[in-house]
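Engineer: Let's see this in three dimensions:
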Amino acid sequence: MDSYYDRAAKVLDARPHPHWDQLKKVQALGRRARQMGREVQPLNIAVNFQIDGKNPYGVDQKPCIDCGDCVTGCNVGAKNTLAMNYLPMAKNAGAEIFTQAKVEWIEKLAGGGWKIHGKHYTGQFCSRGSTKSCGGTRGRWARASSRTLSGASST
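Structural biologist: All right, here's what the predicted structure looks like:
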C-alpha cells in the first residue's frame, strides 16, 4: 500500500507549508503546545505554493496567498483537489466524467474493459439502478481503460 500512498502524495503535491512556522495560528498552537510539554510538527497539505498558470494536469492554478480559508474552501484555486489533478488525469486518459451518478461497484470483464454498476440521480430522486458496460460498446455511460483505473482492484 505504501507505493499507492506515495503515488497519491506525489499527485496531490502534499508537503508542509513552506513557511509553516511563521503562520500566526501555528505560532499560537506552538505556545500552547509548549505549555503542555509538546511541540508543533508541520503536516503535509495538498496546497499549491509555486504554480501560477497551468499545473502538470493542464488546469489553471494560482499559488496560495496565505488567506487562511483552506478549511472552508480556497477562493484562489490553490488547493490540490480532485478537480486539479485526478479528474483531469482521468479525462486525458479517455474517461468520461458524469455528475449525479453513484457507482456501487465495478466489474472487470473477461474480454477486457469494465462494467460499472450504479445509479443515476436526478434532483432529489434516484432513477432505477443501471448497469453500463465500458471499454467495448457504443453509447457508454462511462468509459474507462485499464490505465484510467490502474489503482482499482481486479477481483
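
Engineer: Go ahead and confirm Ala46 touches Val11.
Structural biologist: No - assessed by CB atoms under 8 Å, Ala46 is found out of contact with Val11, at 9.1 Å. Quick note: C-beta positions are derived from backbone N, CA and C, even for glycine.

Engineer: Quickly list the domain ranges of the protein.
Structural biologist: 2-90, 94-155 (automatic domain parsing).

Engineer: Now Pro16: closest residue in space, sequence neighbours ignored.
Structural biologist: Leaving aside its chain neighbours, Pro16 sits nearest to Pro42 (3.5 Å; criterion: CB to CB, 6 or more residues apart in numbering).

Engineer: Tell me who's in contact with that neighbour.
Structural biologist: Contact analysis of Pro42 by CB atoms under 8 Å, 6 or more residues apart in numbering lists 16-17, 20-21, 26.

Engineer: quick one: which of these is nearest Gly58?
Structural biologist: When the contacts of Pro42 are compared for distance to Gly58 (CB to CB), His17 wins out at 25.2 Å.

Engineer: what sits against the closest one?
Structural biologist: His17 is in contact with 23, 42, 45, 47, 49, 64, counting by CB under 8 Å, 6+ apart.

Engineer: what's the closest non-adjacent residue to the first one?
Structural biologist: Across the structure, with CB to CB, 6+ apart as the measure, the residue nearest Leu23 apart from its sequence neighbours is His17 (6.7 Å).
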